[in-house]
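J.: the following comprises the amino acid sequence and a computationally predicted model.
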Amino acid sequence: MQITDKRALTRWIIIGGSFLTVVFIIWNTYYLFQIFKEEERTKMELWANATESLPEADGKALIALSTIINNNTTIPIILTDSEGKISSWRNIDDRVMKDSVQAYTLLDELKSGENKLAIEYLPGEFQYAYYGNSFLLEILKYYPLALAIIILLFGAVIYNFYRATKAGAQNRLWAGMAKETAHQIGTPLSSLLGWIEIMRADDVDETTVSEIEKDVLRLQTIADRFSKIGSEPLLEERDIVAETERSFEYLKSRASKQVAFTFNAPKHPVPVLLNPELHSWTIENLVKNAIDAMKGKGSLDVSIEERETYVKIKVTDTGKGIPKAQFRKVFEPGFTTKRRGWGLGLSLTKRIVVEYHKGRIKVAHSELGKGTTMQVSLQKV
């Protein structure tokens, strides 16, 4: 058996053992509750018999019966005559019983249970005793519920701890893979830059060399992005309009001609604290997802809306749309609707926006068959 299988089996054994323990405690509490309830029933029957025998008692019997009656200091009792009028009470706050509305409301509550005893104090004359649970029994009644709440809270703490630990391990793995990728890309990049200089020296067409150089510089940007994963990036005050438009124009020049691109933004600079490479990655992921959703054909609009304290970047496509139930799921690692997708693009985008830039990202709007609008919100400087 593999180590992971053993760990999974151990976890299930612990969970199963904990569940059985909780079930046993709840059953045991219920059993104790029934025992105490039966004991109180016996005490009340004894109290009723003592009350019934009191008028005929004398001497030691009178003292014994009075002791039995007076020993009840915990169980609330209301005595009524045969017509249902309250004649006396015991172990109930006098302020409650002196208010007729509260008194008869309490009596109705006691009548709704099975705790009723008939007392024949004279031949053919009856009183009726209605009693409730003692304070101890009332507490014991709610003990399983309190225990269940405690177990749920404990389980929630364990779950959150396990989830945070797992997420931390995943983050460390992703960060390590990203840095290793950046390292591996760096070596051939240096060689490619050298080849570009050789091409220039050999008088290769400058347009061709320039385009190759742009793509090599793009690879350098990608390597730089990967190197920043897992470490705190440096944020600079930049014009969000210019930075977004630069990424937009690069993607537009290399996308299908069947995609109609539009860009709308304020005509003046809008300063925002951001990391240029990571912000470019955010725009690239959102635009590429939009193009994929349209299957390379449709209209794509990137707009920037300025507010008093923040700025909104919206990427709108005319693609297949996202079901409302999946608005949150699209940002989860591994979630993808593509056959060959890894489901990391939007997850990584969310991390860049939320964790690194302290912003927000969401599906602002989507209709199946009509398109989707993704929205990023960032604080202005």
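T.: Structure's in. What do you need?
J.: any idea how far apart the tips of stretch 258-277 sit?
T.: 28 Å (CA to CA, to the nearest Å).
J.: and for stretch 325-333?
T.: Start-to-end, stretch 325-333 (CA to CA) is 16 Å.
J.: tell me the mean pLDDT over that stretch?
T.: For stretch 325-333, the mean per-residue pLDDT is 85.
J.: got the domain ranges for the protein?
T.: 3-133, 138-206, 234-379 (automatic domain parsing).
J.: so which of the ones you listed comes closest to Ile222?
T.: Distance to Ile222, taken as CB to CB, is lowest for domain 138-206 among the domains of the chain, at 7.1 Å. (Each C-beta comes from the backbone N, C-alpha and C, glycine too.)
J.: and the closest one, average pLDDT?
T.: When pLDDT is averaged along domain 138-206, the result is 76.
J.: buried deepest among the domains of the chain, which one?
T.: domain 234-379 (a mean of 17; mean count of other CB atoms under 10 Å).
J.: now it, how far from the chain's geometric center?
T.: Averaging C-alpha positions (CA atoms, centre = their mean, to the nearest Å) puts domain 234-379 25 Å from its chain's average.
J.: span of it from start to end?
T.: 16 Å.
J.: stretch 194-211 too?
T.: So stretch 194-211: terminal residues 15 Å apart, CA to CA.
J.: make residue 1 into 5 and carry on from there
T.: Renumbered: residue one is now 5, and that last one reads stretch 198-215.
J.: and the contacts of that stretch?
T.: Stretch 198-215 has contacts (CB atoms under 8 Å, 6 or more residues apart in numbering) with 216-217, 220.
J.: centre of the chain to it, how far?
T.: 55 Å.
J.: related to what we said a few turns ago, which of the contacts of stretch 198-215 are buried?
T.: Buried by 16 or more other CB atoms under 10 Å: 217, 220, out of these.
J.: what ranges do the strands span in the stretch 255-385 of the chain?
T.: Using DSSP state E, counting those that start in this stretch, the strands of the stretch 255-385 of the chain run over residues 263-268, 275-278, 302-310, 314-321, 364-371, 375-383.
J.: one more: the stretch 105-254 of the chain?
T.: So, for the stretch 105-254 of the chain - with DSSP E, counting those that start in this stretch - the strands run 120-126, 129-135, 240-243.
J.: can you report phi and psi for Ser91?
T.: phi -110, psi -30 (degrees, to the nearest 10).
J.: ok, it - contacts?
T.: 83-85, 131.
J.: distance of it from Arg332?
T.: Counting by CB to CB, to the nearest Å, the separation of Ser91 from Arg332 is 64 Å.
J.: so how far is Leu110 from the residue nearest to Lys115 when sequence neighbours are not counted?
T.: Leaving aside its sequence neighbours, Lys115 sits nearest to Tyr134 (CB to CB, 6 or more residues apart in numbering; 5.9 Å). Distance, Tyr134 to Leu110, by CB to CB: 9 Å.
J.: try Val213
T.: Distance from Val213 to Leu110, by CB to CB: 95 Å.
J.: quick one: pLDDT of Gly345?
T.: So, for Gly345, pLDDT stands at 55.
J.: again but with Lys324, I slipped
T.: pLDDT, read off for Lys324, is 91.
J.: quick one, phi psi at it?
T.: The phi/psi pair for Lys324 (degrees, to the nearest 10) is phi -80, psi -20.
J.: got a list of what the closest residue to Lys256 other than its chain neighbours touches?
T.: Of all residues not flanking Lys256 in the chain, Phe265 sits nearest, at 4.6 Å (CB to CB, 6+ apart). Counting by CB under 8 Å, 6+ apart, Phe265 touches 252, 256, 259, 304-306.
J.: hmm, which two among these are most spread apart?
T.: Among the contacts of Phe265, Ala259 and Asp305 lie farthest apart (CB to CB), at 13.5 Å.
J.: what about Glu87, which SS state?
T.: coil (DSSP: H, G, I helix; E, B strand; the rest coil).
J.: same check, this time on Thr78
T.: Per three-state DSSP, Thr78 ends up coil.
J.: neighbours of the closest residue in space to it that isn't next to it in sequence, how many?
T.: The shortest distance from Thr78 to any non-neighbouring residue, by CB to CB, 6+ apart, is to Ser138 (4.1 Å). Ser138: 20 surrounding residues under other CB atoms under 10 Å.
J.: surely Ser138 and Arg94 touch.
T.: No. Between Ser138 and Arg94 there is no contact under CB atoms under 8 Å: 11.9 Å.
J.: so what sits against both of those two?
T.: With CB under 8 Å, 6+ apart, Ser138 and Arg94 have common neighbours 79-80.
J.: quick one: the helices in the stretch 5-154 of the chain?
T.: For the stretch 5-154 of the chain, the helices defined by DSSP state H, counting those that start in this stretch occupy 7-57, 63-74, 98-101, 104-115, 139-205.
J.: among those, which comes closest to Ile317?
T.: helix 139-205 (23.8 Å).
J.: re earlier: could you dump the strands of the stretch 105-254 of the chain to TSV with distance to Gly323 and mean pLDDT?
T.: Shown next, in TSV, are the strands of the stretch 105-254 of the chain (distance: least, CB to CB, whole Å; pLDDT from 0 to 100):
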stretch	distance to Gly323	mean pLDDT
strand 120-126	71	75
strand 129-135	70	81
strand 240-243	29	94
